[in-house]
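Asks: what would the 3D arrangement of this be:
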Amino acid sequence: MTDRLSGKRIFLTGAAQGIGLAIAEACLAEGARLFLVDLDAALLAETVAAMDAGERIGYAVADISDAAAIARAVQSAENSIGPINALINNAGINVFSAPLECTDEEWMRCFDVNLKGAWNCCRAVLPRLIAQGGGAILNIASTHSLTIIPHTFPYPLAKHALLGLTKSLALEYAPQGVRVNALAPGYVETQKTVAWWNSSPDPMRARSDTMALHPGGRIAQPGEIAKAVVFMISDETPFMNAACLVVDGGLSSLQHA
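Replies: Okay, the predicted model is just below:
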C-alpha cells in the first residue's frame, strides 16, 4: 500500500467481477474506502467477504438504471464509509446487433445501463461533491466511444454519448472543483471476454484472432486497467478534466490491412 488514495471514499459500480473487481482491489491497496454496487447479489457478497477490508468497505445490490435505487445506495454509502468524494462508473453491458435488427428492447436496455445508469450515479453524487468543494468522477468508457465496429450497434452509440456526458459535466462543474474524466479500455481478458471466445465454434482461434488485432500481440489484464484508474481518480491528476485516457495497447491507432 502506498496510500495514493488515502482519504478517498469511492462509490464504484459493477464491482463484483472483471474490471470492476480489479479496480476495487487496486483502490483498496492504495488506501481508499470503498462502497461497491453490483446487480449480482451472491457474487457481490462473495467479493466483499474475500476482500476482508472491515470498515473500509461497504456494499449494496442495486440496478444502476433505477435512479431511486442508486439514490438509496449513495445514502447507504455515506452511512457506511463516510461522505463520498469520488465516483467510478464502471457498470455496463454489451448489446450488439446490426442496426435494422436491433429491437426496441435491446435499444432501451443498452442506453438504460450504459448511459442512463452512469447519469443516475452522477446525479446522485454530484451535489455531495459540490457541497464538499470538489471531487472526482471517472466514467469507464471504451474504444467503442471513439470508433465503430460494424454489427455492434447500439453499444458504440451509448459509449459515444458517455463521452459527451463526461465532457458536459466536466465543463459545467469545474468551477465547483469537480473533475469528470473517462477511461477507454480496449479488449480486456475478463470472464465475459473468455465466455465470448468460448461461445465461438473455435475458441482458440477466436482468442488468437483477438490477440492478433493488437500491436503487442496480447490484450489487457484487468489489473492493468485498474492501475490507470487509480492514477486518474487520485490527486496526482488535479488538472485533468474533460479528458479521455485510452488504454488499449495501440488498438485504436492501428489501421488494419
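
Asks: and the residue nearest to Lys227 when sequence neighbours are not counted, what element?
Replies: Of all residues not flanking Lys227 in the chain, Ala26 sits nearest, at 6.4 Å (Cβ to Cβ, 6 or more residues apart in numbering). Quick note: C-beta positions are derived from backbone N, CA and C, even for glycine. If you go by DSSP states H and E, Ala26 is part of helix 18-29.

Asks: state the mean pLDDT of that helix.
Replies: Computed over helix 18-29, the mean pLDDT rounds to 98.

Asks: what is that helix packed up against?
Replies: Applying 3 or more Cβ pairs under 8 Å, 6 or more residues apart in numbering; DSSP states H and E, we find helix 18-29 packed against strand 9-13, strand 33-38, helix 41-51, helix 222-233.

Asks: buried residues in it?
Replies: Gly18, Ile19, Gly20, Leu21, Ala22, Ile23, Ala24, Glu25, Ala26, Cys27, Leu28 (16 or more other Cβ atoms under 10 Å).

Asks: now, among those residues, which is nearest to Lys159?
Replies: Using Cβ to Cβ, Ile19 comes nearest to Lys159 of the buried residues of helix 18-29, at 14.2 Å.

Asks: show me the contacts for Asn139.
Replies: Contact partners of Asn139, counting by Cβ atoms under 8 Å, 6 or more residues apart in numbering, are Asn89, Ala118, Leu162, Leu163, Leu165, Thr166, Val180, Asn181, Ala182, Leu183.

Asks: can you redo those as TSV with neighbour count and pLDDT?
Replies: As requested, the contacts of Asn139 are arranged in TSV below (neighbours: other Cβ atoms under 10 Å; pLDDT from 0 to 100):
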residue	neighbour count	pLDDT
Asn89	28	98
Ala118	29	98
Leu162	26	98
Leu163	18	98
Leu165	20	98
Thr166	26	98
Val180	27	98
Asn181	21	98
Ala182	26	98
Leu183	26	98
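
Asks: for Phe96, phi and psi?
Replies: For Phe96, the backbone dihedrals (degrees, to the nearest 10) come out as phi -120, psi 130.

Asks: do I have it right that it meets Ala158?
Replies: No. At 11.5 Å, Phe96 does not count as touching Ala158 under the criterion of Cβ atoms under 8 Å.

Asks: ok, these two, which is more surrounded?
Replies: Remark: of Phe96 and Ala158, Ala158 carries more neighbours, 25 against 16, as counted by other Cβ atoms under 10 Å.

Asks: which helices and strands does the helix or strand encompassing Trp196 pack with?
Replies: Assessed by DSSP H and E, Trp196 sits inside helix 191-198. With contacts defined as 3+ Cβ pairs under 8 Å, 6+ apart, helix 191-198 has these neighbours: helix 203-212.
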